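Undergrad: below is the sequence, then the predicted model.
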Amino acid sequence: MFDNLSERLERSFKILKGEGKITEINVAETLKDVRKALLDADVNYKVAKNFTDTVKEKALGQNVLTAVKPSQLMVKIVHDELAKLMGGETAEINLKGQPAVILMSGLQGSGKTTFTGKLARMLKTKKGKNPLVVACDVYRPAAIEQLRVLAEQVGVPMYCELDSKDPVSIAQNAIKEAKAKGYDLVIVDTAGRLAIDEQMMNEISAIKEAINPQEILFVVDSMTGQDAVNTAKEFNERLNFDGVVLTKLDGDTRGGAALSIRTVVDKPIKFVGTGEKLDALDQFHPERMADRILGMGDIVSLVERAQEQYDEEEAKRLHKKIAKNQFDFNDFLTQIAQIKKMGNLKELASMIPGVGKAIKDIDIDDNAFKSIEAIIYSMTPQERSNPALLNGSRRTRIAKGSGTNIQDVNRLLKQFEETRKMMKMITGGNKTIPKLKR
Ligand code: GDP
C-alpha cells in the first residue's frame, strides 16, 4: 500500500539533503516534486495544491530552527500535514443505543457485505458486543447468501426475509427482533448498484429515515481513486453519513482516496479493509497512516495485532517451561501458529520501520514456515518433547519424512538450541548473563 507514493516522497526530500538551510528556492523545488507525487497517487488536485501551500508556509516559517536539518524538518512537516489531511484524530464509531444501529451504504462491489462481517467480528471480539447482522438486499439472493455465510463464520446471527421486497420493513423488523432477543448491536447491510442511481439513493434514504441509525458508514473501494471521492460526495449529500470505510487498501491502490476523501466530504475515515479475510480490518489512525506513507512503519498496529493474539495463560505456561529449559518443539509449533494467526507475513513485516521498502519486491508468503513445520511434524511425539533424542539416524529419518535434507534438519536443531539458550538467559533461568562480545 502506498509504495509508490512513499518512494516518490522520499526522493523529493533528497533535494534538501546536504542543504544547510531552507530557502524559498529549495523548498519550492522539493514541493514541486511532492505535489507531483501526490497527483500521481491520484490525490485530488485542489487537495494537493492546498497541501503543498501549507507545507511551504510552515517550512519557511520554521527556518529559525537551525539545529534541525532541512530534510528532517521537511519530513516532519509533511508527516504532520499528511496526518491532518487524513483527519488528525482517530474517529471512533458511536455504539450508544439499545441496540446501537449501524447502517451500511455504498456501491455494489465496494466491499459492504464483507465489511459487515468484519465489523461484526471486530465488535464482538474486541468490544464484547452481541451483534445481529441484517440482509436488506432484496434484489440479489446471492447477496443474502453471502452475508449468511459470513455471519456463520463470525458466529453471529443473521436476519433476513426471503419473501419480502421491502427493505425498509426488513430493517425495522430486524431491530424489533434485536430488542426482543437482547442483541445490543444491529448492522444493516443494504443493496448497492454499480453506479449512483436514484432508486438506490431513495431506498437507502428511506431506510435511514425509518430506523434512525446511530452511525451511517459509507463503504468505498480505495482502488477506484478519484471516483471514490466523487461517489463519497454524492452519498454524503443524500445521507450525511458519519464515517468512511476504505476497503482494498491491501491492493495496489495509489492512496489518493485515503488522502483526499476527508477534505472533500469533511467526514472521517473510520476503518480500512486490508484483505478478503474476516480479520483484515483495522481502525483508521491518521497519524499511523502518515508514518506508513513516509516509510516509518507502523509499529503500534503491529504490537496491537500481537496483543490480540496473545494468550496470557499460554504465555505463563511457556515462561515456566523456558525457565526450566523445557521449551520443546511442541511449543515451537504453537509459536509458529501464533505468528501465522497475526496475518499475512509480508504485511506484518512492512509495519516494521524501514522494512516495508526493503522487502517490496521480495516474495514472503505464508509458506515461509512450511519446511520448519514439515520437519517438526516428522518427529515422533517423544522427539518433539525431548529434542536430545535426536541422533544422526533419527535426523536422517526426519529429513526423508519431511522432504527436506539433513542440512535443513541440522540447521533447525541448531537454531532451536540457540533460541532455547537465549530464552533461558532472558527469562532469568540463568542468573549470569554473559557480556556481549564486541
Ligand atoms: P458489496 O457488493 O459491496 O457487498 O461487496 P462485497 O463485500 O461482496 O465485496 C466485493 C469483493 O471485494 C469481494 O470479492 C470481496 O472479497 C472483496 N473485498 C472486500 N473487502 C476487501 C478488502 O479489504 N481487500 C480485498 N483485497 N478484497 C476485499
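TA: That came through fine.
Undergrad: can you show me the strands along the stretch 1-150 of the chain?
TA: For the stretch 1-150 of the chain, the strands defined by DSSP state E, counting those that start in this stretch cover 100-105, 131-135.
Undergrad: got TSV for these, with distance to residue 414, mean neighbour count and mean pLDDT too?
TA: (C-beta placed from N, C-alpha, C; glycine too.) What follows is these, written out as TSV (distance: least, CB to CB, whole Å; neighbours: other CB atoms under 10 Å; pLDDT from 0 to 100):
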stretch	distance to residue 414	mean neighbour count	mean pLDDT
strand 100-105	53	26	97
strand 131-135	49	28	97
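Undergrad: just put the ones you listed in JSON lines and tack on distance to the ligand.
TA: Below are those laid out as JSON lines (distance: least, CB to the nearest ligand atom, whole Å):
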{"stretch": "strand 100-105", "distance to the ligand": "8"}
{"stretch": "strand 131-135", "distance to the ligand": "10"}
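Undergrad: so for residue 239, which of these sits nearest?
TA: strand 100-105 (5.9 Å; CB to CB).
Undergrad: quick check, central residue of the chain?
TA: By CA atoms, centre = their mean, the chain has its centre lying nearest to residue 282, at 4.1 Å.
Undergrad: tell me which residue of the stretch 151-300 of the chain lies closest to the ligand.
TA: residue 273 (2.7 Å; CB to the nearest ligand atom).
Undergrad: related to what we said a few turns ago, which element is the residue nearest to the centre of the chain on?
TA: Using DSSP states H and E, the element containing residue 282 is strand 281-283.
Undergrad: does that strand reach the ligand?
TA: No: under the criterion of CB under 6 Å from any ligand atom, strand 281-283 makes no contact with the ligand; the nearest approach is 7.6 Å.
Undergrad: what does that strand rub up against?
TA: Outside strand 281-283, the residues that touch it by CB atoms under 8 Å, 6 or more residues apart in numbering are 90, 115, 118-119, 121-122, 270-274, 301.
Undergrad: PyMOL command for the buried members of the residues you listed?
TA: This is the PyMOL syntax for the buried subset of the contacts of strand 281-283, where burial follows 16 or more other CB atoms under 10 Å:
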select buried, resi 115+118+119+121+122+270+271+272+273+274+301
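Undergrad: can you redo the contacts of strand 281-283 as TSV with distance to residue 47?
TA: Output for these, formatted as TSV (distance: CB to CB, whole Å):
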residue	distance to residue 47
90	21
115	25
118	28
119	28
121	33
122	29
270	19
271	21
272	19
273	22
274	23
301	25
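Undergrad: okay, the contacts of strand 281-283 in TSV with pLDDT and distance to residue 375 next?
TA: As requested, the contacts of strand 281-283 are exported to TSV (pLDDT from 0 to 100; distance: CB to CB, whole Å):
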residue	pLDDT	distance to residue 375
90	92	43
115	98	39
118	97	35
119	98	40
121	97	34
122	96	36
270	97	44
271	97	40
272	94	37
273	94	36
274	90	31
301	66	32
